[in-house]
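In: here is a sequence together with a model predicted from it:
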Amino acid sequence: MRIPISACAALFLALPLSMRPVPGAAQEREPAAEARGVAVFEASDFSAAAPANAYDMVTRLPGFTIVDADADVRGYAGARGNVLIDGAQPASKRESVDGLLRRIPAAAVERIELVRGGARGIDMGGYAVIANVVRRREAAAEMALQAGVAVAADGWSGSLGQFEYGRRRGDEALEFAVSVEPELDEDTGRGRILAFAPDGALVEALDTDTRRVDREFTSNVSWRRTLSGGSFSLNAALRGESVDEAMERLTQGAGTPVETAYDTEDMKELEVGGRFVRPLGDRSTLELMASQRLDRLDALSLSREEDEEERFEEKTETGETLLRVDVGRAHSDQLRLSVALEGAFNFLESQARLSENGERIELPGSDVRIEERRMEAASAAVWRPHADWSIEGGMRVETSALRQSGDTPMERDFVYLKPRLAAYWERDDRDSFHLGLSREVGQLDFEDFVASAALDTGAVSAGNAELEPDKTWRLVAGWERRFRDDGALGMTWTHERIADVVDRVLVASGDDVFDAPGNIGEGRRDTFEIEFSASLDGIGMAGFRFSSVVLWRSSSVTDPATGDRRGISGEPPVEGRIRLMQTVPAYRIAWGLGVDLAERETKYRYDEVKIEREALSWNLFAERRIGAGWRLRAEAMDLFGRRFSESRSKYDGPRSQVPLDERKYRMHRTPGQLLVTVRRNTGD
């Protein structure tokens, strides 16, 4: 496992610093009234940084990194993130925590609690640290309007806007937000394609010019109030995204068009949900939750090369209905028990059509409807035998009935046991350790049952009706060291043993064979993650704060095409980001630099091995507060462009049976972008 020297240098140079609290960095307070393991950050601790919203506050917490709910994990309980709002998990596992926190104005936050080791009897869900954002109850109303423009070095420009409104009074609150945002996708840019024969001879050289623009629209509304002795909340979201992509390939030098490709996608999503929580006596709590989500996708791809034309169309509708009841009881100050029952109905209905010169090509999974009815019963316990120790245990039992109709009818039933055990030890005020063992079952992606195509690369994927979710035994061990008031270093090792790894397999349709998602047997995955954050005041850099997260990953599985051991497709061996930010209260300025490390992914198909590389990415921002409620922000993103490349080793059949047919290299550089926004806040 190789470790980038630059990341290590940045980490260990910062470790020995004598840290002091700095303006804009959250300062930890741990009142005597609080249980051990709960660090409280009052809103006033963030005042020097003048955060605009709860997201700006949470990102300044020492030793904490936001983790979204995992949409790839089955069920609501198993997909939780590590951020709570008023002590409750967000109702949607599809909405990003970033977006949710950005809609909570900083003025509406009373405090943020960092909970470690199951303090207060909180079920940690396998996380070492959880952040709980507690909102104010005083009557107030806030409104914010943001507008901006994004421009790219290739001449593209787009306008964006956002409107937010919030009103609260005691236990009643209403929040609304709507935003429109265009984005120049990373596939955009000019580049070239080089094709070589197995002996290294150049057989083709093309220039490419691609532009892909995503336009996103989101609107959210939430309302909460007291009801029947409890708290009732209702939320709804409407999301839309349209994608337009045009690609042209030309002979290198001459500029003669060789191939053109066009892609359009139109996606819409509606989600509504409700939650009701009320006490049952002095020690018990009842929680009811329901949600409904509906999605629709319309996609068209068209490719023309000389006299040949390929066309791919897809219309897909998906949905999920989820009901959950949870009863928790504090048996004593040391023991909390809970039981839950969850039911869900998921469906996907899709029609896909691939044609060449008007003649249809039959694809497995081109006309399907899939339905899944799922029930899950769960029990859990949080026990604190000592002020320094917390032990969690739980068991979830899931039954699933999967029914598929269309061109590949099939019925299947599954039963899964998902135990979990975790222990947390607060050795002292600075060091904490955690160890956990759990069994997780992956969320079936119904899109894997449906045929798809990327005509610009010639990749066609069939659907696979026999796909099963992967089953993983996960062992996690971690250590966190806190120093001074605002510094933290954390290390986490995760070992996973996976059954029915979801990767790529070969499927047949008549005389044709296609690549498709599929289960390829048992596999292993190991990850090691280091998180570090601290102020740099100790080395004379007043107001600066440094944070970094670096993850190393190693995996192993048997390749179904060759029988050799290899990594799991699409998993980069190294991921990481580094952030440096300074707040200057005297001038009401904040600025910062963010760097995402370069990444590499290897993807395997039965007739191809593709290696994708992304160069280092960076962004530089500066923000100025003007008056009582104005903010002006400028952000430069990869201003001189960012390089993307891929190499494809292609075979005219299964890789184990035929020799190499061609090597193809594809490179492009995305244009740099500049974003300027102005924001106006009003309210109490």
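Out: Nice, I can see it.
In: when you work out contacts or count neighbours from here on, use the C-alpha atoms and nothing else.
Out: Fine.
In: what distance do you get for Trp630 to Asp154?
Out: 31 Å (C-alpha to C-alpha, to the nearest Å).
In: again, but for Pro573
Out: To Asp154, Pro573 is 32 Å away according to C-alpha to C-alpha.
In: next SSE after the host helix or strand of Val505?
Out: Here Val505 sits within strand 502-509, counting by DSSP states H and E. Downstream of strand 502-509, the next assigned helix or strand under DSSP H and E is strand 512-519.
In: which secondary structure elements does that following strand sit against?
Out: Identification of packing neighbours for strand 512-519 by 3 or more C-alpha pairs under 8 Å, 6 or more residues apart in numbering; DSSP states H and E yields strand 459-461, strand 502-509.
In: can you dump the C-alpha coordinates of that strand into CSV?
Out: Extracted in CSV, the C-alpha atoms of strand 512-519 (Å, rounded to 0.1, in the frame of the first residue of the first chain):
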residue,chain,number,x,y,z
ASP,A,512,-24.7,-12.4,-28.9
VAL,A,513,-22.7,-11.9,-25.6
PHE,A,514,-22.7,-8.8,-23.5
ASP,A,515,-21.0,-7.4,-20.4
ALA,A,516,-23.3,-6.9,-17.4
PRO,A,517,-23.3,-6.3,-13.7
GLY,A,518,-23.1,-9.6,-11.8
ASN,A,519,-21.9,-11.5,-8.7
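In: chain center to that strand, what's the gap?
Out: On the basis of C-alpha atoms, centre = their mean, to the nearest Å, strand 512-519 sits 26 Å off its chain's mean C-alpha point.
In: cool, stretch 171-190 as well?
Out: 15 Å.
In: what are the buried residues along it?
Out: 172-190 (16 or more other C-alpha atoms under 10 Å).
In: strands - which of those land there?
Out: 172-184, 189-190 (DSSP state E).
In: and which of these is nearest Glu259?
Out: Of all those, Glu259 sits closest to Arg190, with 14.7 Å by C-alpha to C-alpha.
In: tell me the contacts of the closest residue to that closest one other than its chain neighbours?
Out: Sequence neighbours aside, Asp209 is the residue nearest to Arg190 in space, at 4.5 Å (criterion: C-alpha to C-alpha, 6 or more residues apart in numbering). By C-alpha atoms under 8 Å, 6 or more residues apart in numbering, the residues touching Asp209 are Thr188, Gly189, Arg190, Gly191, Met247, Glu248, Arg249.
In: where exactly do the helices run in this protein?
Out: 5-14, 54-58, 97-102 (DSSP state H).
In: and the residue nearest to Arg190, what are its bridge partners?
Out: Asp209 has these beta-bridge partners by DSSP bridges: Arg190, Glu248.
In: what does Arg553 give?
Out: Beta-bridge pairing for Arg553 (DSSP bridges): Thr527.
In: and the gap between it and Arg504?
Out: Taking C-alpha to C-alpha, one finds Arg553 at 20 Å from Arg504.
In: tell me which of the two has more neighbours.
Out: Set Arg553 next to Arg504 and count neighbours by other C-alpha atoms under 10 Å: Arg504 wins out with 22 against 19.
In: beta partners of the more buried one?
Out: Beta-bridge partners recorded for Arg504 (DSSP bridges): Pro517.
In: contacts only, for it.
Out: Counting by C-alpha under 8 Å, 6+ apart, Arg504 has contacts Asp515, Ala516, Pro517, Gly518, Asn519, Ile520, Ser569, Tyr604, Arg605, Tyr606.
In: what of Asn53?
Out: With contact taken as C-alpha under 8 Å, 6+ apart, Asn53 is in contact with Leu101, Arg102, Arg103, Ile104, Pro105, Ala106, Ala107.
In: for Ile193, same thing?
Out: Glu204, Ala205, Leu206, Asp207, Thr208, Lys664, Tyr665, Arg666, Met667.
In: distance check, the residue with the largest distance to the centre of the chain against Asp503.
Out: The centre of the chain is farthest from one residue, Ala254, which by C-alpha atoms, centre = their mean lies 43.0 Å away. In this view, Ala254 and Asp503 are 41 Å apart by C-alpha to C-alpha.
In: same question, Leu250
Out: For Leu250, the distance to Asp503 - C-alpha to C-alpha - is 34 Å.
In: so where's the stretch 401-550 of the chain shaky on pLDDT?
Out: In the predicted model of the stretch 401-550 of the chain, residues 453, 455-460, 509-511 satisfy pLDDT under 70.
In: ugh, wrong one, I meant the stretch 51-200 of the chain
Out: In the stretch 51-200 of the chain, residues with pLDDT under 70: 70-75, 77-79, 93, 118-121.
In: how many neighbours does Arg305 have?
Out: In this structure residue 305 is Glu, not Arg. The number of residues near Glu305, taken as other C-alpha under 10 Å, comes to 13.
In: who's the closest residue to it other than its chain neighbours bridged to?
Out: Nearest non-adjacent residue to Glu305, counting by C-alpha to C-alpha, 6+ apart: Glu259, 4.5 Å away. Beta bridges link Glu259 to Arg249, Glu305, judged by DSSP bridges.
In: my guess is Glu259 contacts Arg304. True?
Out: Yes: counting by C-alpha atoms under 8 Å, Arg304 is a contact partner of Glu259 at 5.6 Å.
In: hmm, back to that, as a markdown table, the helices and strands packed on strand 512-519 with distance to Thr682 would be great.
Out: Below are the helices and strands packed on strand 512-519 laid out as a markdown table (distance: least, C-alpha to C-alpha, whole Å):
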| stretch | distance to Thr682 |
| --- | --- |
| strand 459-461 | 51 |
| strand 502-509 | 50 |
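In: compare the contacts of Arg504 and tell me which has the most neighbours.
Out: Ala516 (27 neighbours).
In: what sits against that residue?
Out: Asp448, Ser461, Ala462, Gly463, Asn464, Arg504, Val505, Leu506, Val507.
In: go on, Ile361?
Out: Arg353, Leu354, Ser355.
In: next one: it from Met637, what distance?
Out: 42 Å.
In: also Phe41?
Out: To Met637, Phe41 is 32 Å away according to C-alpha to C-alpha.
In: burial count for Glu194?
Out: Not Glu; residue 194 is Leu. By other C-alpha under 10 Å, 17 other residues sit near Leu194.
In: quick check: buried residues in stretch 276-286?
Out: By neighbour count with 16+ other C-alpha under 10 Å, stretch 276-286 contains the buried residues Phe276, Val277, Arg278, Pro279, Ser284, Thr285, Leu286.
In: turn the residues you listed into TSV, columns for pLDDT and distance to Ala488.
Out: What follows is these, written out as TSV (pLDDT from 0 to 100; distance: C-alpha to C-alpha, whole Å):
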residue	pLDDT	distance to Ala488
Phe276	94	36
Val277	93	34
Arg278	93	36
Pro279	93	36
Ser284	94	35
Thr285	94	34
Leu286	95	36
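In: so which pair among those residues is furthest apart in space?
Out: Greatest spacing in the buried residues of stretch 276-286, by C-alpha to C-alpha: Phe276 and Ser284 (14.1 Å).
In: can you give me the distance of Pro279 to Trp223?
Out: 20 Å.
In: check contacts around the residue lying closest to Asp68 once chain neighbours are set aside.
Out: Leaving aside its sequence neighbours, Asp68 sits nearest to Gly81 (C-alpha to C-alpha, 6+ apart; 4.7 Å). Gly81 makes contact with Ile66, Val67, Asp68, Ala69, Asp70, Gln89, according to C-alpha under 8 Å, 6+ apart.
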